[in-house]
Structures are given as structure tokens and as C-alpha cells.
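K.L.:
Structure for the following, please:
(2 chains)
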There are 2 protein chains.
Amino acid sequence: MELLKEKIIQQGRVQEGNILKVDSFLNHQLDIELLNEMGKEFKKRFHGKKITKILTAEVSGIAVAAIAAQYFHVPVVFAKKTESKNLDKDTYEGSVYSYTKDKHYKIRVSKRYINKEDNILVIDDFLANGQAALGLKEIIDAAEANLVGVGVVIEKGFQEGGEILRKMNIQVESLAIVDAMTNNEVVFRK
Amino acid sequence: MELLKEKIIQQGRVQEGNILKVDSFLNHQLDIELLNEMGKEFKKRFHGKKITKILTAEVSGIAVAAIAAQYFHVPVVFAKKTESKNLDKDTYEGSVYSYTKDKHYKIRVSKRYINKEDNILVIDDFLANGQAALGLKEIIDAAEANLVGVGVVIEKGFQEGGEILRKMNIQVESLAIVDAMTNNEVVFRK
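P.N.:
Predicted coordinates:
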């Protein structure tokens, strides 16, 4: 998606540890017009697919998923990372391994909001090692629902997440794939 | 807002400790069509006001703010609760007291994304004791920006937040004000 790539080139900041900071439009400040263009693009990429729900994980996936859902006319469910007293006790759980923190954490969805009739599109801001997406897949599998595909805004093509998911025959649609970040320069996959 | 009140009556669940669970459409699953109606209503309530940015706090304010921002044609900034290594070091901070946890925590916004030219509308899902809104006001004040008003989806009218803010001459617009929750029944302010 050219508009997104331009925005990443203009405003993205490459930082130590292969961090691509895009908090001027995606992770802290939200460029709502750009999010709408992303939503339209996801709709195009998953054209003709039967989708009943969009699933994401808090925090950074929520805005992208909510805006995109307008083009699919379906509700969004966001998995919770923290054990909230407001969350139902009866949940589907997924396990996510955090490389940066070197520990596993749980993400949870109340059993009320996902069921085996659902055809689910996972949407998230980043795909790097694939841990978040696999945790969401775990939840979908536990609910015996159907995973239609995974839509991500930025895929770090030099990490293994995209390959892992595609090898599982999951349709992965990334709006921009970054193949390298060297000397503060972002190299996109053609 | 009648549509919202109906939804609260149909789907809201009153739980011990004056908790109103609305996670079927606002806090866990998101009813995107209803969120759009809320966005239109906020636009109506703040009609004619000059607004350059919408400010909210993660997590539950993000979806409401992002959808509403489409009607104001402005970006959203969400304050972060956790100390993330991805957050800039140079931030405006607000302090929020959590009654349930009996402790203060910080919310932060990078100085890049709010400045003294900004006219800011605060949007959040709930207004109860007003702590989150006051924390966001602290950030706006620190940035020497202008607080235009506070828009909330559900105000708990039996808690002091609304009164505190209105006494400070802040325009507070709540789409539904709950005056009591007794015997599992929600009583709205007329």
C-alpha cells in the first residue's frame, strides 16, 4: 500500500533493536484518514471472504480493527492482556511469548463473544515473530471458530512470523512488508 | 442518546460494586455501528467548537475516540498507561488515582503529539470519579493546550466526576447518565 509506505518513509523512526517507531500515525497518535485507507485495503484483500467478526489484541490493534470493521460491517472483539476484574471468568485463552521480556503472558476473550459459527479475520498493527497472531489463533481454535486470515499493517519480513503463518496455509495480508532497516533506512519488499 | 440507553438496558449487566458491564458493545466486543452513532452525537454536542485533536486514554477509550474522530476530521492521541520502551522519553504526565487498586498511576503523552496550539476534546468510555479525565487535563495543562470539553459515553451520575469537571467550567457531554443501579436495574437521568 503505497500511501502507507510513503508515511513510513516520512515519519517512521528506526531505533536500536530493530524497532520501527510509527507512533505519529499508528501507535500513539492515530491518523484516522490513513486508518480508513487501510480499512478499505483490507476489505479489498479479503474480498469475497465470509467474515463475521474481527479479532485483535489490545492495545495497538484496536483502532486499526475498529476503523477497518466499518468496511466489513462486523463487530470487533479485542483480546485482553491484563487480568481485569471486569472480564468474565469464562474465557478462551491464548499464550503469547514476549521476546523482549522473555516471558509468556496470556491473552483472553470471553466465551460470550466468539463461537464456532464465527468466521474470523485477525487484524493487528505489527507482525514480527508472529506470537500475537498465534495467540489469537489459539483462542479461535479453542472456540472452534474459523480463522479466515490475518491482516497486518506492517510486517517485519526479516522476522519469522509471516513465514510461520503462511506455512500453516493462513492467508496473511500485510499492507507493508519491511525487509530491512539499515542505516536508518527502511527497505520494503517489492 | 436513546439508542445507547436501549442498548444498556438490553445488554448491560449490573454487578457488585456498582460495576456496569457493557462489554458486549463497548469494552470488549465493539458495536461499530453504535460507535458511529456515538461519534455523530459527540459532533452534534460540540458543534461549532474549534477542535484540533481528540485525546483519550488506553485501552477502552481508543475505539470510541477513533470512530468519533472521523466526524471531527482530526487525529486521535491516546495516553499510555504503561511505561513502554517504545514511548519517547520526553512526555507530559498525568497522575490518576485508582480507587479500586488504591494507588496512583501515571498516564503519558509524548511531547511530539500535543502542543499549545491544540484545542483538545477529551473522549472516554466512562466518567465515574473523574480521575482519568483529570489526569488527561493535567497533560493538556502541562502542554499549555486548550481543553475544549469532555465527551463520555456513560457517566455514573452517582459518583462525583461529572460534578467536579462541571464546577471547573468544563463542558461535559455524557451520552447516557446513570443515576442509580439498584436491583440489577439501571436508572437514567432524565
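
K.L.:
which SS state does the residue nearest in space to the middle of chain A fall under?
P.N.:
By C-alpha atoms, centre = their mean, the mean C-alpha position of chain A lies nearest to A:Asp124, the distance being 1.4 Å. Using DSSP: H, G, I helix; E, B strand; the rest coil, the structure places A:Asp124 in strand.

K.L.:
Quick one: residues contacting A:Asp179.
P.N.:
Residues near A:Asp179 by C-beta atoms under 8 Å, 6 or more residues apart in numbering or on different chains: A:157-158, A:187-189. Backbone N, C-alpha and C define where each C-beta goes, glycine included.

K.L.:
which bits of chain A sit near chain B?
P.N.:
A:19, A:21, A:23-25, A:27-33, A:35-36, A:58-59, A:62-63, A:66-67, A:69-70, A:73-78, A:80, A:85-88, A:100, A:109-110, A:112-113 (C-beta under 8 Å from any C-beta of the partner chain).

K.L.:
ok, and the closest non-adjacent residue to A:Tyr170?
P.N.:
Rather than Tyr, residue A:170 is Ile. A:Val150 (5.8 Å; C-beta to C-beta, 6 or more residues apart in numbering or on different chains).

K.L.:
how close does the one you found sit to A:Leu4?
P.N.:
Using C-beta to C-beta, to the nearest Å, we find A:Val150 at a distance of 17 Å from A:Leu4.

K.L.:
the strands in chain A, which residues?
P.N.:
Remark: strands assigned in chain A by DSSP state E are A:13-15, A:19-21, A:29-30, A:53-57, A:76-79, A:91-98, A:103-110, A:119-127, A:146-156, A:172-182, A:185-188.

K.L.:
Include mean pLDDT when you put the ones you listed into CSV, please.
P.N.:
Formatted as CSV, these follow (pLDDT from 0 to 100):
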stretch, mean pLDDT
strand A:13-15, 92
strand A:19-21, 92
strand A:29-30, 98
strand A:53-57, 98
strand A:76-79, 98
strand A:91-98, 92
strand A:103-110, 93
strand A:119-127, 98
strand A:146-156, 98
strand A:172-182, 95
strand A:185-188, 94
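
K.L.:
Reformat those into JSON lines and put distance to B:Leu175 next to each item.
P.N.:
Shown next, in JSON lines, are the strands of chain A (distance: least, C-beta to C-beta, whole Å):
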{"stretch": "strand A:13-15", "distance to B:Leu175": "37"}
{"stretch": "strand A:19-21", "distance to B:Leu175": "34"}
{"stretch": "strand A:29-30", "distance to B:Leu175": "21"}
{"stretch": "strand A:53-57", "distance to B:Leu175": "24"}
{"stretch": "strand A:76-79", "distance to B:Leu175": "19"}
{"stretch": "strand A:91-98", "distance to B:Leu175": "28"}
{"stretch": "strand A:103-110", "distance to B:Leu175": "24"}
{"stretch": "strand A:119-127", "distance to B:Leu175": "26"}
{"stretch": "strand A:146-156", "distance to B:Leu175": "30"}
{"stretch": "strand A:172-182", "distance to B:Leu175": "33"}
{"stretch": "strand A:185-188", "distance to B:Leu175": "41"}
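
K.L.:
So for B:Ile140, which of the ones you listed sits nearest?
P.N.:
strand A:29-30 (14.8 Å; C-beta to C-beta).

K.L.:
Need the residues that contact the longest helix seen in chain A.
P.N.:
Using DSSP state H to assign secondary structure, the helix with the most residues in chain A is helix A:32-45. With C-beta under 8 Å, 6+ apart as the test, helix A:32-45 has contacts from A:1, A:3-4, A:7, A:25, A:63-64, A:67-72, A:121, A:123, A:151, A:153, A:173, A:175, B:66, B:69-70, B:73-76.

K.L.:
what's A:Asn183 sitting at in phi/psi?
P.N.:
Taking degrees, to the nearest 10, you get phi 50, psi 40 for the backbone angles of A:Asn183.

K.L.:
pLDDT wise, what is it at?
P.N.:
At A:Asn183, the pLDDT value in this model is 78.

K.L.:
now swap in A:Glu83 and tell me
P.N.:
So A:Glu83 comes in at 67 (pLDDT).

K.L.:
Please apply the same query to the one 3 residues further on.
P.N.:
Among the per-residue scores, A:Asn86 holds a pLDDT of 65.

K.L.:
re earlier: so between A:Val150 and A:Leu4, which is more surrounded?
P.N.:
A:Val150 (28 against 21; other C-beta atoms under 10 Å in any protein chain shown).

K.L.:
hang on, the more buried one packs against A:Met168?
P.N.:
No. Counting by C-beta atoms under 8 Å, A:Val150 sits too far from A:Met168 to count as a contact (10.0 Å).

K.L.:
who touches both of the two?
P.N.:
By C-beta under 8 Å, 6+ apart, no residue touches both A:Val150 and A:Met168.
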